[in-house]
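# fold the stuff below for me.
(chains A, B and C)
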Amino acid sequence: MHDIADLEGRGLIGVFLASSEFRDAAEAQSVALGLAVPYVLVPHPIQDRTDEEMQALADEAYAAVLAAVTSQGG
Amino acid sequence: MVVLKRDCPTCLLIEPVLHQLADAGTLTAYSQDDPAFPADLKVVDDRELEMSWRLQLDTVPTLLRVEQGVEVERVVGWLRTSWESLTGVTGLGPDLPDHRPGCGSKSVEWGVEAELDRRYGDAILGSRTVELADLEDEVEAAYARGWTDGLPVVPPTESRVLAMLTGTTRAPSEVVAVVPPDLAECTVEKVAINAVLAGCLPEHLPVVLAAVEAACTDAFNIHGLLATTFPAGPVLVVNGPIATALGMNGRGNALGQGNRANATIGRAVQLVVRNVGGGRPGGVDRATQGQPGKYTACFTEAEDGSPFEPLAASRGVPGNALTLFAGSGWWPVVDQRSRHPESLARSFAASLRGVAHPKLAIAFDAMLVICPEHGRVLREAGWDRARLLTELEELLTVPGGELVEGAGGIAEGLPAGFADTPIPKFRPGGLLLVHAGGGAGMFSTVIPGWVSGPGGSEPTTVPIP
Amino acid sequence: MRVLMDPTSELVPATRTLTPRPASLDGLTVGLLDISKARGDVLLDRLQERLAADGVTVRRYAKPTFAKPAPVDLRHEIAVQCEVVIEALAD
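Numbers count the residues shown, from 1 in each chain, chains lettered A, B, ... in the order given. Okay, the predicted model is just below:
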């Protein structure tokens, strides 16, 4: 999240993805950084997912990712 | 009521007296450090020192009699006769000495009082405050919010701003100017905050205030100066004893870096324009190329040994004063051979012809900064400001035919109608002369100006109160 | 809590804002930054496929470790080469 905050400061458009377990940490870090960094959550767990499951998570998250980096949702 | 602290031998000494008073009537004790002392008494926790501050205590223990919320009487330290008189209770502390001085109140410890003034006093500062996130670096925070000119600024904490405001007796809420382009009201406080950003000391503030007021006049036209594609910015020349008092530089490298007053006063004015006025590059500031003087351009004259009286005095404002001039990119005039003012004046004129464009005349102003070695040539020949200006005007008047559009194969120039008239380079009053620089080096400087007249900028001289 | 006095005219809010978003990703380069936690690369591979299928130019990057912010050289490289960055996958 610090990376995205830094890159936003350099004029880039950023978003980061995290597992749903990360929500509270994301909110806290956002406050600490003073910047509402956009993030998209994917359902926990992550570590033991098969490739097919990870690809499905990516597909499910795709629309939200586009919405976070464009003004009209892609 | 009594205000005390445990960390005080006198307060410990009088503990039995406090019990006597509590038994005899209502006594409320306020503790500055340990509400558990004295034991078995009604003790209010004043570790935040709010009551101590409101009572303006400097010593503990202090005994007060309060009737219907109003203080009637107080005794500082332990003095049996006074305590008995105040409370109406006799036989206090029979085993104690008759008197014992107290200790310093925690509310007046070094640094604490100022913090309590800030915390409990009436709010002096009215500006919006910006809370920094835990991980935010103060210097980066200013960059992130667009408050800087590209160089780092001093983070404007409340205490720094309060300290800066000690540099003026004007009220923080007083409106100094309406700053273009946003036409925002700029208070003394806002100038002070930007003076903090710039790195000013409190004693610099009166100069910054005078400069902001002068810049925002219709005559100086900071708005036009900001919005033009021409690369100009305000140049400040400070005159009078205040320049020496502030340690300003009118000598070696006066037009360059290194002197705090020179650097920060000029910078503060630019930051006010940027932050309060909203004028920034990419926005209303449309300068095509700009020039480094837009960071800061502020100096004083070398008044001692000058062939002239100070610039401000020559413009009708003697003593502490400043002149604001709309200046663009500066260049040196090299003349290491002229022993006589006639020759030197010709060097100056030749260089001044290039202001804006050799074929443009009257519209653009200029400032000539004469170095002491050149000044000596003038002084030894008895040439004062008027004499030099007269000579320069004559040298700089050329046949209009040389200046018109197309003349010399150059499309730029004056309209064809000027072909048959002699044309002076500068309008009356459009060439300003100042004297500054170190003692060695025969290099003066031309500061070309911007346009004068409606839509342009008029050099503006104001007193510094 | 650290507080600074606002030097501006206060006509706009003082909070940090995000970079303005474009209407679409047309013509922009998207950087995919892998924080190097397990399985994140698979997710980023799929996002890359989707973006490429939508005609978006994509570049891939990876942090040496998820435990620290990306090295400054990497951040600079991304900033120079991309307009958009998607970082994944924290858990």
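
# now do the contacts for the residue lying closest to C:Ala62 once chain neighbours are set aside.
Once flanking residues are discounted, C:Ala62 sits nearest to C:Asp34: 4.2 Å by CB to CB, 6 or more residues apart in numbering or on different chains. To be clear about C-beta, it is placed using only N, CA and C from the backbone, and glycine gets the same treatment. Shown in contact with C:Asp34 (CB atoms under 8 Å, 6 or more residues apart in numbering or on different chains): C:Gly40, C:Asp41, C:Leu44, C:Arg60, C:Tyr61, C:Ala62, C:Lys63, C:Ala88.

# quick check: bridge partners of C:Asp34?
C:Ala62, C:Ala88 (DSSP bridges).

# any figure for the gap between it and chain B?
Per CB to the nearest CB, to the nearest Å, C:Asp34 is found 24 Å from chain B.

# packing partners for the helix or strand of chain B with the lowest mean pLDDT?
The weakest-scoring helix or strand in chain B, judged by mean pLDDT, DSSP states H and E, is helix B:112-120 (a mean of 79). Here helix B:112-120 is seen to pack against helix B:50-54, helix B:158-165 when contacts are counted using 3 or more CB pairs under 8 Å, 6 or more residues apart in numbering or on different chains; DSSP states H and E.

# coming back round to it: looking at the contacts of C:Asp34, which is nearest chain A?
Set against chain A, the nearest of those by CB to the nearest CB is C:Ala88 (3.9 Å).

# and the closest one, how close does it get to B:Arg385?
Distance of C:Ala88 to B:Arg385, computed by CB to CB, to the nearest Å: 71 Å.

# compare the two (neighbour count), which wins?
Neighbours per residue, other CB atoms under 10 Å in any protein chain shown: of C:Ala88 and B:Arg385, the larger number sits with C:Ala88, 25 against 19.

# that one touches A:Val15, doesn't it?
No - counting by CB atoms under 8 Å, C:Ala88 stays clear of A:Val15, with 9.2 Å between them.

# okay, now the unreliable bits of the chain?
Went with chain A since none was named. A:73-74 (pLDDT under 70).

# that's the wrong chain, I meant chain C
Along chain C, segments meeting pLDDT under 70 span C:13-14.

# what about the residue of it found nearest chain B, which helix or strand?
Minimum separation of chain C from chain B (CB to the nearest CB) falls at C:Ser9, amounting to 3.3 Å. Per DSSP states H and E: C:Ser9 is located in neither a helix nor a strand.

# not counting its neighbours along the chain, what's nearest C:Leu28?
Nearest non-adjacent residue to C:Leu28, counting by CB to CB, 6+ apart: C:Glu83, 4.4 Å away.

# where does chain A come near chain B, residue by residue?
Applying CB under 8 Å from any CB of the partner chain, we find that chain A lies next to chain B at A:His2, A:Gly9, A:Val31, A:Ala32, A:Leu33, A:Gly34, A:Leu35.

# from these, keep the buried residues only.
The neighbour count (16 or more other CB atoms under 10 Å in any protein chain shown) marks A:Gly9, A:Leu33, A:Gly34, A:Leu35 as buried among the residues of chain A next to chain B.

# all strands of chain C, in order?
Under the criterion DSSP state E, strands of chain C are mapped to C:3-5, C:29-34, C:57-62, C:84-90.

# one step back: the residue nearest to C:Leu28 reaches A:Leu12, doesn't it?
Yes - between C:Glu83 and A:Leu12 a contact is recorded at 6.3 Å, counting by CB under 8 Å.

# please identify the buried residues of stretch B:391-406?
Going by 16+ other CB under 10 Å, stretch B:391-406 has these buried residues: B:Glu391, B:Leu392, B:Leu395, B:Leu396, B:Thr397, B:Val398, B:Gly400, B:Leu403, B:Val404.

# what do you get for stretch B:308-323?
Within stretch B:308-323, the residues that qualify as buried by neighbour count (16+ other CB under 10 Å) are B:308-315, B:317, B:320-323.

# in contact with residue 59, which residues?
Picked chain A for this. By CB under 8 Å, 6+ apart, A:Asp59 lies in contact with C:Arg46, C:Arg50.

# that's the other chain; I wanted chain C
When contacts are counted by CB under 8 Å, 6+ apart, C:Arg59 touches C:Thr29, C:Val30, C:Gly31, C:Leu32, C:Gln81, C:Cys82.

# now for the third one, how many residues are close by?
When you say that, I think you mean C:Gly31. For C:Gly31, using other CB under 10 Å, the count is 22.

# over to the fifth one?
Residues lying near C:Gln81 (other CB under 10 Å) number 13.

# does it touch C:Gly31 like I think?
Yes - taking contacts as CB under 8 Å, C:Gln81 lies within contact range of C:Gly31: 6.6 Å.

# check contacts around B:His435.
Counting by CB under 8 Å, 6+ apart, the residues that B:His435 touches are B:Glu301, B:Ala302, B:Glu303, B:Ser306, B:Pro307, B:Phe308, B:Val369, B:Ile370, B:Cys371, B:Pro372, B:Gly375.

# hmm, back to that, looking at the helices and strands packed on helix B:112-120, which is buried most?
Of all the helices and strands packed on helix B:112-120, helix B:158-165 carries the top mean neighbour count, a mean of 20, counting by mean count of other CB atoms under 10 Å in any protein chain shown.
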